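Q: Sequence first, predicted coordinates after that:
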Amino acid sequence: MLSRAFAGKEGAMQHFRKIAIGEAAENAVTVGIEQNADGKVHAAVWWPAKGDVDGDEVDYDSVKEAFEAAEAARALHGFAEVVVTLQDDVLWRDEWGTIDPATLTDDEAFELARATEAMRDA
């Protein structure tokens with residue numbers, strides 16, 4: 001339901017790129033969503049050090065609050081996007097937005113192309 005989805009930039013429903021657990025997202029704020037032993041779903045927000053910005057991590061009991069904090073950190077620190085990592089795909093809720101199909105970032109596409117060309121030249 002679109003009206004219940006998390007509204008971020010310009011109030012639009014958010015679309016997120018999912019990354020694997022442990023994958024580094026160099027120019028992104030990451031929201032990690034997991035379920036604790038009591039069955040409660042909670043989230044952590046973190047980002048890497050970038051320029052004069054220190055890396056940080058904060059835990060949230062509310063996933064909605066975690067997304068709001070992640071978007072604020074993205075805008076404040078100049079990161080390109082907010083990405084998501086899930087302990088289990090069944091934890092995702094439509095009210096948080098949508099997860100886009102796996103795509104490469106511009107940097108990842110460049111690295112893939114560079115590596116392919118290097119292999120051809122070898």
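A: Now that the structure is in, tell me what you want to look at.
Q: The protein: strands as residue ranges?
A: 15-18, 28-35, 41-47, 56-60, 81-86, 98-100 (DSSP state E).
Q: Each with direction, which strands does the shortest one pair with?
A: Counting by DSSP bridges, the strands paired with strand 98-100 are strand 15-18 (parallel).
Q: export the strands of the chain to a markdown table and tack on distance to residue 110?
A: Every C-beta, even on glycine, is put in place using the N, C-alpha and C of the backbone. Below are the strands of the chain laid out as a markdown table (distance: least, CB to CB, whole Å):
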| stretch | distance to residue 110 |
| --- | --- |
| strand 15-18 | 16 |
| strand 28-35 | 16 |
| strand 41-47 | 21 |
| strand 56-60 | 27 |
| strand 81-86 | 16 |
| strand 98-100 | 19 |
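Q: mean pLDDT lowest for which of the ones you listed?
A: Ranked by mean pLDDT, the strands of the chain bottom out at strand 98-100, which scores a mean of 86.
Q: can you pull out the helices in the chain?
A: 63-77, 106-121 (DSSP state H).
Q: helices or strands up against the first one?
A: Right, the one you point to is helix 63-77. Applying 3 or more CB pairs under 8 Å, 6 or more residues apart in numbering; DSSP states H and E, one finds that helix 63-77 contacts strand 28-35, strand 41-47, strand 56-60, strand 81-86.
Q: can you pull the buried residues of it?
A: 63, 66-71, 73-74 (16 or more other CB atoms under 10 Å).
Q: so can I have a markdown table of the strands of the chain showing mean neighbour count?
A: As requested, those are exported to a markdown table (neighbours: other CB atoms under 10 Å):
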| stretch | mean neighbour count |
| --- | --- |
| strand 15-18 | 17 |
| strand 28-35 | 20 |
| strand 41-47 | 20 |
| strand 56-60 | 13 |
| strand 81-86 | 21 |
| strand 98-100 | 14 |
